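Visitor: Any chance you could fold what I've pasted below:
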Amino acid sequence: MESLINQLKTLALTDALPFFLKLAAVIVLWFLGRTAIGGFQKVLHLALQKRKFDATLIRYVESLFSGFLTILLLLSLLGVMGVETTSFAALLAAAGIAIGSAWSGLLSNFAAGVFLLVLRPFRVGEEISGGGISGAVQEIGLFVTTIDTPDNVRIFVGNSRLLGDNIVNFHSHPHRRIVAKVPLVHGTNVRAMQEAFASVAAAVPDVLTTPGVGVGIAEFTAAGPILSVTVWCTPSNGDAVQAALHQALADALVAAAYVVPAPPPMAVLPKAG
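Guide: The predicted structure is shown next:
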């Protein structure tokens, strides 16, 4: 019995005590490491905010930074416990390759999302056209961008598709041009119609006085000249101004008693035989 007790004491002193000391050291180092990572994360957050990075991009960078340092901390703690970390590193590398192959589409969307946030071709709230979709940007997500179309339909577009296409941003400049074309027939008093169109276009709500309204002959056709009416407005009022401009031009045509002539009748070919 005494020999068994002595063996247990020897085992506790040689194996159990060092193990528990290492375990205690690992726990302490874990809390210290997590505290240090949290401090570095706060410093990184303040630095990115000072440089006026997008809030979504800041969250991405913080998550990647925290995850990378946490993995390094876990590997270090395993080394303290005496666990061989070379196999774990190889396992992580193999898992990364497998995940990268399986999630190639998702990773491409993720990389495109980071580029969208860094390059900033558009921001949340702006109206864009890209990837075959037109509408207002609601969110630039990790893998997709959320866009609300003018008919109130929400569409989620993959970031890689959006970045790989031409992006039209209707809010990049303070002014947006609206052009309406009105075909006339030969014999119409073009000068009078130009003056009438300029007057009604300037009275359309939200049309800017600078740059001013422009009315000119866009082209000549066999039926007659085509007038081009150009106005300017703020990007957010583009659709409303376009609709109001077309209505104002239609009213001006009615007020001028303009009647579109009927097309000439088609000639009937005689039947053979």
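Visitor: in the protein, which ranges drop under the pLDDT threshold?
Guide: 1-19, 53-57, 82-105, 259-273 (pLDDT under 70).
Visitor: give me that answer again for 80
Guide: For the chain, residues meeting the criterion pLDDT under 80 lie at 1-23, 25-26, 44-45, 47-65, 67-68, 71-107, 117-118, 142, 256-273.
Visitor: quick one: the helices in it?
Guide: 2-11, 17-50, 55-80, 86-102, 104-119, 159-163, 190-202, 238-255 (DSSP state H).
Visitor: which one of those lies closest to Val153?
Guide: helix 238-255 (15.6 Å; CB to CB). Every residue, glycine included, has its C-beta placed from N, CA and C.
Visitor: Pull out the buried positions in that closest one.
Guide: For helix 238-255, the neighbour count (16 or more other CB atoms under 10 Å) marks Gly238, Val241, Gln242, Ala244, Leu245, Ala248, Leu249, Ala252, Leu253 as buried.
Visitor: wait, the first one sits on Arg176?
Guide: Yes: taking contacts as CB atoms under 8 Å, Gly238 lies within contact range of Arg176: 4.9 Å.
Visitor: Mutual contacts of those two, please.
Guide: Each of Phe170 lies in contact with both Gly238 and Arg176 under the rule CB atoms under 8 Å, 6 or more residues apart in numbering.
Visitor: Can I get stretch 148-159 in PDB? Just the C-alpha atoms.
Guide: Taking Å, rounded to 0.1, in the frame of the first residue of the first chain, the C-alpha atoms of stretch 148-159 are listed here in PDB:
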ATOM      1  CA  ASP A 148     -33.600  48.200 -54.400                       C
ATOM      2  CA  THR A 149     -34.900  48.700 -57.900                       C
ATOM      3  CA  PRO A 150     -37.300  51.600 -58.800                       C
ATOM      4  CA  ASP A 151     -40.300  49.200 -58.800                       C
ATOM      5  CA  ASN A 152     -39.500  48.300 -55.100                       C
ATOM      6  CA  VAL A 153     -37.900  44.900 -55.700                       C
ATOM      7  CA  ARG A 154     -34.900  44.000 -53.600                       C
ATOM      8  CA  ILE A 155     -32.100  42.200 -55.500                       C
ATOM      9  CA  PHE A 156     -28.900  40.700 -54.100                       C
ATOM     10  CA  VAL A 157     -26.100  40.900 -56.700                       C
ATOM     11  CA  GLY A 158     -22.800  38.900 -56.300                       C
ATOM     12  CA  ASN A 159     -19.900  41.300 -55.700                       C
END
